[in-house]
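Novice: coords below, sequence missing:
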């Protein structure tokens, strides 16, 4: 009886241990999901997203996009990363970040920094104003006069 | 009954992947086996710490020179008085890996790392020295580059 119990225990633990081992292997890692639909070209599955560690510049993980341009980086250590969208030719289409991931993160959108467009427009407007001011200021000193 | 308990220990250790069965570990993507060559040596003599790595299925392990990726490497703490030689890596294959068209050095089948060490001249015959270390590696398959991982290894050197 005792032996039978022990055998049952071993089998149960071994069976339970397989997923446990898998979980153990990824202990301390986080899952980051998102989409690159705005920038990836079809077929989406020819593109991939790679997480590049800001700390050492290495590629921490690279995964292909799924059919809907979604991605799941499932073994990342918490840290700072650049997310690079890579096309089928192996070229980086755009880079998002640096992004800080300290816990599981959903709905990351790789959009080539379009979220920063208002800031760029503002800077562009400021630059244009500066050039105009410069032209006006320099105008009296123009050698053509 | 003792046999059953021994089997249980091995099964549980293998299942949970925490305790290396002797000097081997079998991870999800590679299996790692450590050994010494020769098993024993005298004070002042050299032995090689060997690590055999076998990628599973279609896995490939990044080799030294793999730009942007974490190449396989060995780390350990040498006992006092031991000197460490230059590690030896086999010549890798150059293949394309996910996310780049650049040819990248990888190992796509079983390979062996060799780390020569010289036993301390002060070691006493009959001593058994246990050296604990780890192998760090990053693997990829056709589509995915997985996060780097480490496997514990240990070697036993008998001083004769």
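Specialist: Received, thanks. Worth saying up front: this structure is predicted, and the values here are computed from it rather than measured. Numbers count the residues shown, from 1 in each chain, chains lettered A, B, ... in the order given.

Novice: show me the contacts for the nearest residue to residue B:56 once chain neighbours are set aside.
Specialist: Closest residue to residue B:56 apart from its sequence neighbours, by CB to CB, 6 or more residues apart in numbering or on different chains: residue B:29 at 5.6 Å. Where C-beta positions appear, they are placed from N, C-alpha and C, glycine not excepted. The neighbours of residue B:29, taking CB atoms under 8 Å, 6 or more residues apart in numbering or on different chains as the test, are B:55, B:56, B:59, B:139, B:146, B:149.

Novice: how many other residues sit next to the nearest residue to residue A:54 once chain neighbours are set aside?
Specialist: Distances taken as CB to CB, 6+ apart place residue A:80 nearest to residue A:54, at 3.9 Å, with adjacent residues excluded. Close neighbours of residue A:80, defined as other CB atoms under 10 Å in any protein chain shown, add up to 14.

Novice: so how far is chain B from residue A:80?
Specialist: Separation of residue A:80 from chain B (CB to the nearest CB, to the nearest Å) stands at 15 Å.

Novice: List the buried residues of the helix or strand that that residue is a member of.
Specialist: Using DSSP states H and E, residue A:80 sits in strand A:79-86. Going by neighbour count (16 or more other CB atoms under 10 Å in any protein chain shown), the buried part of strand A:79-86 is A:79, A:81, A:82, A:83, A:84, A:85, A:86.

Novice: Just the closest of those to chain B, please.
Specialist: residue A:86 (4.8 Å; CB to the nearest CB).

Novice: Contacts only, for the closest one.
Specialist: With CB under 8 Å, 6+ apart, residue A:86 has these contacts: A:47, A:48, A:49, A:50, A:62, A:92, A:93, B:99, B:100.

Novice: and the longest strand anywhere in chain A with chain B, contact?
Specialist: In chain A, with assignment by DSSP state E, the single longest strand is strand A:92-101. No: judged by CB under 8 Å from any CB of the partner chain, strand A:92-101 makes no contact with chain B; its nearest approach is 9.0 Å.

Novice: OK, contacts around the nearest residue to residue A:76 once chain neighbours are set aside?
Specialist: On the basis of CB to CB, 6+ apart, the spatially nearest residue to residue A:76 that is not a chain neighbour turns out to be residue A:30, at 5.3 Å. Contact analysis of residue A:30 by CB under 8 Å, 6+ apart lists A:76, A:77, A:78, A:101, A:102, A:103, A:104, A:105.

Novice: can you check residue B:104 too?
Specialist: Contacts of residue B:104 (CB under 8 Å, 6+ apart): B:62, B:66, B:67, B:69, B:94, B:95, B:96, B:97.

Novice: May I ask which helix or strand encompasses it?
Specialist: Assigned by DSSP H and E, residue B:104 belongs to strand B:103-107.

Novice: Which neighbouring elements make contact with the helix or strand following that strand?
Specialist: Proceeding N to C from strand B:103-107, the next assigned helix or strand is strand B:111-118, under DSSP H and E. For strand B:111-118, the packing partners by 3 or more CB pairs under 8 Å, 6 or more residues apart in numbering or on different chains; DSSP states H and E come out as strand B:46-55, strand B:73-76, strand B:83-84.

Novice: Pull the residues that contact strand B:111-118.
Specialist: B:44-53, B:61, B:72, B:74, B:76, B:78, B:82-90, B:131, B:135, B:157.

Novice: Can you pull the phi and psi angles for residue A:37?
Specialist: phi -60, psi -30 (degrees, to the nearest 10).
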